[in-house]
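# Task: produce atomic coordinates for the following.
(one chain, ligands or ions: 1)
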Amino acid sequence: MKHIYFDNNSTTRLHPDVLEEMLPYLRDTYGNASSIHWFGQEARRGMDRAREQVANLIGASSDEIVFTSGGTEADNQALIGIADAVGKPGSRIITTAVEHQAVMNSCRFLEKKGLSVTYLSVDSQGRIDLGTLADSIGDDVILISIMLANNEVGTVQPVREAAELAKSKGILFHTDAVQAVGRIPVDVRELGVDLLSLSGHKFHGPKGCGALFVRSGIPGPVLIHGGHHERRRRAGTENVAAIAGLGRACSIAAARLEDSSFFVGSLRDRLEKGITERVSGIKVNTCREHRLPNTLNVSFEGVDGQLLAMNLDLVGIAVSTGSACQSDTREPSYVLLAMGCSVGQATGCLRFSLSADNTGEEIDRVIDVLPDLVEGLRR
Ligand code: PLP
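Okay, the predicted model is just below:
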């Protein structure tokens, strides 16, 4: 059976060139990047190059990039690190009700430490309201954290406008851009953000490796304490092979961003059209105007999304019902509930997340098999 992969918001296939980039650091130049001998300096050179490649993709300068173990750590470092650097009891953070758990649970952690958090609601398209954000800002706010693109529905938030608002009030601004980087153009200067999280495995880089952009002049933020690595901003011997792979994934993404996002967007549109035409009782959950090109989230009336995903898996099609981090719970998606979906719609959804590896034939195969599977489950 041919297996088809439509779960790229969970993770992506490692690009073969990324693997080639990583192998020498695992095999030959395995030095510790802090060592002064040849082995160490070769590793250091690989990291320096990767730092530039990451910076180039997001319009940063290389000394503003801190390598982390992925998006989760970058989010934790941004929120907990900034709270540690500039917060005091009673300080407040503003975020949204639809953030990834990496941000959500960092906020819950800080609430236990005495900070308060405002969770902005979203409209039926998953977007925050800038007026509500403006109204919720007060003197106690130390950080605003709003994701660039949502992992479940693909809605893109008005981050540039929100960051401008934060700047006008002298408040630091973080964006979780884990699902956006490598899929749509992301430029830290254009967005006007102070901190930005990204993760390699969402755009054909290695798992367990990401970065936090920290605008120069920002205090802290430190999460992991120890040696003097990453200019004292993230301790621990660096995973040079993964970092080199992340850099290569960034340069590949930069070179093909426009073409791949156009291609992936056309596949997504073909899928959406096919499902809309052939399956009744559905609801497409996203923002039409501001969304990622690769994500399609659909609720199927009267159907359990998990069962439908399992049935698709049996015919070789891999999709998910939402965030991979929540796949062990049968809870309805809090993102869809926040968007005003009913419990039935929030449990009866599928997320198709595509990449440039997908083909038109794969889309047609889903459109062929889906109507009967949905009808079978409804019966
Ligand atoms: N933020 C968002 C929006 C995500 O989608 C994810 C992963 O799904 C993360 C953060 C966590 O990234 P990582 O898997 O690299 O820890």
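# Okay, and the closest residue to H201 other than its chain neighbours sits in which element?
Of all residues not flanking H201 in the chain, K207 sits nearest, at 4.2 Å (C-beta to C-beta, 6 or more residues apart in numbering). Glycine gets a C-beta too; all of them are placed from N, C-alpha and C. K207 belongs to no helix or strand when assigned by DSSP states H and E.
# Let's verify I144: helix, strand, or coil?
strand (DSSP: H, G, I helix; E, B strand; the rest coil).
# tell me the contacts of the residue nearest to H201?
T11, G70, G200, H201 (C-beta atoms under 8 Å, 6 or more residues apart in numbering).
# Name the nearest of the residues you listed relative to C250.
G200 (8.1 Å; C-beta to C-beta).
# wait, what's in contact with the closest one?
G70, P206, K207, C209, G210, A242, G245, L246, A249.
# got the residues of this protein near the ligand?
By C-beta under 6 Å from any ligand atom, the part of the chain that sits against the ligand consists of 70-72, 75, 100, 102, 147, 151, 176, 178-179, 199, 201, 210.
# Where does the stretch 1-150 of the chain get nearest to the ligand, residue-wise?
Across the stretch 1-150 of the chain, the shortest distance to the ligand (C-beta to the nearest ligand atom) belongs to G71, at 2.5 Å.
# For the residue nearest to that residue when sequence neighbours are not counted, give its distance to G114.
Computed as C-beta to C-beta, 6+ apart, the closest residue to G71 that is not its neighbour in sequence is S199, at 3.4 Å. Between S199 and G114 the computed distance is 29 Å (C-beta to C-beta, to the nearest Å).
# Just want to know which of the two has more residues nearby.
Taking other C-beta atoms under 10 Å, S199 and G114 do not tie; S199 has more neighbours (29 against 12).
# for this structure, what helix or strand is lowest in average pLDDT?
In the chain, the helix or strand scored least confidently by mean pLDDT, DSSP states H and E is helix 229-232, which has a mean of 90.
# Check what contacts that helix and list those residues.
S34, D63, V66, F67, V222, A235, G236, T237, E238.
# change it to 7 Å
S34, V66, F67, A235, G236, E238 (C-beta atoms under 7 Å, 6 or more residues apart in numbering).
# Does the fourth one touch H225 like I think?
Yes: between A235 and H225 there is a contact under C-beta atoms under 7 Å: 5.7 Å.
# The two - which one has more neighbours?
Shown here are A235 and H225; by other C-beta under 10 Å, A235 has more neighbours (14 against 9).
# Let me see the backbone angles for that one.
For A235, the backbone dihedrals (degrees, to the nearest 10) come out as phi -80, psi 160.
# That one and I224, how far apart?
5 Å.
# Which neighbours do these two have in common?
What both A235 and I224 touch, as defined by C-beta under 7 Å, 6+ apart, is an empty set.
# Tabulate the contacts of K207 (JSON lines), appending secondary structure.
Below are those laid out as JSON lines (three-state DSSP):
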{"residue": "T11", "secondary structure": "coil"}
{"residue": "G70", "secondary structure": "coil"}
{"residue": "G200", "secondary structure": "helix"}
{"residue": "H201", "secondary structure": "helix"}
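# which one among these gets closest to R49?
Among the contacts of K207, and counting by C-beta to C-beta, the member closest to R49 is G200, at 14.8 Å.
# so what's that closest one closest to, chain neighbours aside?
The nearest residue in space to G200 (C-beta to C-beta, 6+ apart) is L246, at 4.0 Å.
# cool, G302 as well?
Per C-beta to C-beta, 6+ apart, closest to G302 is R378, 5.1 Å.
# what's around that neighbour, how many residues?
Residues near R378, counting by other C-beta under 10 Å: 12.
# was I right about it contacting E301?
No: the pair R378 / E301 is not scored as a contact, 8.1 Å apart, by C-beta under 7 Å.
# just to revisit the earlier point, looking at the residues of the chain next to the ligand, which are in strands?
D176, S199, G210 (DSSP state E).
# Just put those in JSON lines and tack on distance to E230 and pLDDT.
Below are these laid out as JSON lines (distance: C-beta to C-beta, whole Å; pLDDT from 0 to 100):
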{"residue": "D176", "distance to E230": "20", "pLDDT": "98"}
{"residue": "S199", "distance to E230": "17", "pLDDT": "98"}
{"residue": "G210", "distance to E230": "13", "pLDDT": "98"}
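# which one among the residues you listed gets closest to the ligand?
The shortest gap between the ligand and any of those belongs to S199, at 3.3 Å (C-beta to the nearest ligand atom).
# That closest one contacts G70, doesn't it?
Yes: between S199 and G70 a contact is recorded at 5.0 Å, counting by C-beta under 7 Å.
# Please enumerate the shared neighbours of the two.
Shared contacts of S199 and G70 (C-beta under 7 Å, 6+ apart): G210.
# re the thing from before, what bridges to the residue nearest to G71?
G210 (DSSP bridges).
# ok, now which ones touch it?
G70, G71, V178, G210.
# Now L120: phi and psi?
Taking degrees, to the nearest 10 as the convention, L120 sits at phi -70, psi 140.
# For the helix ranked longest in the chain, name the packing helices and strands.
Looking only at the chain and at elements set by DSSP state H, the helix with the highest residue count is helix 240-278. In terms of contacts (3 or more C-beta pairs under 7 Å, 6 or more residues apart in numbering; DSSP states H and E), helix 240-278 is packed against helix 16-27, helix 38-58, strand 282-284, strand 295-300, helix 360-378.
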